[in-house]
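[1] Only the shape, not the letters, is given here:
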């Protein structure tokens, strides 16, 4: 099973709302990632968790708050977002033993629209 | 960080045609992947190929690490091959996958 699941598939939120994106994998992977993809652009890394600890934050604004409650689950908490944050948010995972030499597996993404 | 260049940016094919997509890297990479993003946004792994040649059905890929490029071959293209093809690489000790801008492929019946 090489599946990464993400919920919700679509999300519309106002600039004052608080919402969360959820990502789950049951492959025993120990590295998990959040990417942001704007229309007609490639994915850009936001955060990396390795063994449930935040290892990379690509200078992401604090209105995005990641959380890794356990090795299978990754959340992205959203608060006071701006319309320019509208994008496809992709979660990925990899085995985590040798992260530089591993395949990353992506979920289907959450399409976020901020009004 | 490394720069990743993909060519061509756009490609239109008739069903059944063959094509070659190219990915150039500004520095040596120790992780190189090819992905297909379908029209619904799902990124699908095609190959993990930091060096050498691999084949999977109608798709094959070759990476020449010493010359810092990788090629993706699509043979007998089908309409379901349409979408965006990304290559992505990782370099040095930083655990960050850098994506190219993609090749947008449209296969017409």
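    Everything's here; your move. Note that the structure is predicted; figures quoted are calculated from it, not measured.

[2] Can you tell me the closest non-neighbouring residue to the closest residue to chain A within chain B?
    For chain B, the residue closest to chain A is residue B:99, as judged by CB to the nearest CB, at 3.5 Å. The C-beta positions use only the backbone N, C-alpha and C, and glycine is treated the same way. Counting by CB to CB, 6 or more residues apart in numbering or on different chains, residue A:42 is the residue found nearest to residue B:99 once chain neighbours are left out, at 3.5 Å.

[3] just residue B:55 next, same as before
    Counting by CB to CB, 6+ apart, the residue nearest residue B:55 is residue B:61, at 8.0 Å.

[4] can you tell me the helix or strand for that neighbour?
    Taking DSSP states H and E as the definition, residue B:61 sits inside strand B:59-64.

[5] Which strands and helices lie in contact with that strand?
    On a contact count with 3 or more CB pairs under 8 Å, 6 or more residues apart in numbering or on different chains; DSSP states H and E, strand B:59-64 meets strand B:43-48, strand B:52-56, strand B:69-74.

[6] Need the winner for burial among those strands.
    When the helices and strands packed on strand B:59-64 are scored by mean count of other CB atoms under 10 Å in any protein chain shown, the highest mean neighbour count falls to strand B:69-74 (a mean of 20).

[7] who touches the helix or strand just after it?
    Scanning forward in sequence from strand B:69-74 by DSSP H and E, the next helix or strand is strand B:83-90. With CB atoms under 8 Å, 6 or more residues apart in numbering or on different chains as the contact definition, strand B:83-90 has outside contacts at A:42-43, A:100, B:2, B:4, B:6, B:21, B:23, B:25, B:29-39, B:43, B:46, B:70, B:72, B:96-100, B:102-105.

[8] Sketch out the low-pLDDT regions of chain B for me.
    Low-confidence segments of chain B, defined by pLDDT under 70: B:93-94.

[9] about what we covered before: show residues contacting the strand holding residue B:61.
    Applying CB under 8 Å, 6+ apart, the contact partners of strand B:59-64 are B:32, B:34, B:46-47, B:49-55, B:69-75.

[10] The one helix or strand in chain A whose mean pLDDT sits lowest pairs with which strands, parallel or anti?
    In chain A, no helix or strand scores lower on mean pLDDT, DSSP states H and E than strand A:53-57, which sits at a mean of 91. Strand A:53-57 has the following strand partners under DSSP bridges: strand A:44-50 (antiparallel).

[11] Tell me which residue of chain A lies closest to chain B.
    For chain A, the residue positioned closest to chain B under CB to the nearest CB is residue A:42, at a distance of 3.5 Å.

[12] Could you check the pLDDT of that residue?
    At residue A:42, the predicted lDDT confidence score is 97.

[13] List the contacts of it.
    Contact analysis of residue A:42 by CB under 8 Å, 6+ apart lists B:86, B:88, B:99-102.

[14] Using PyMOL, define a selection of the buried residues within the residues you listed.
    What follows is the PyMOL syntax for the buried subset of the contacts of residue A:42, where burial is set by 16 or more other CB atoms under 10 Å in any protein chain shown:
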select buried, chain B and resi 86+88+99+100+101+102
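
[15] Now flag whichever of the contacts of residue A:42 is closest to residue B:12.
    Nearest to residue B:12, judged by CB to CB, of these is residue B:102 at 14.9 Å.

[16] before we move on, the earlier item: right, and the residue of chain B closest to chain A touches residue A:90 too?
    No: taking CB atoms under 8 Å as the definition, residue B:99 is not a contact partner of residue A:90, at 10.9 Å.
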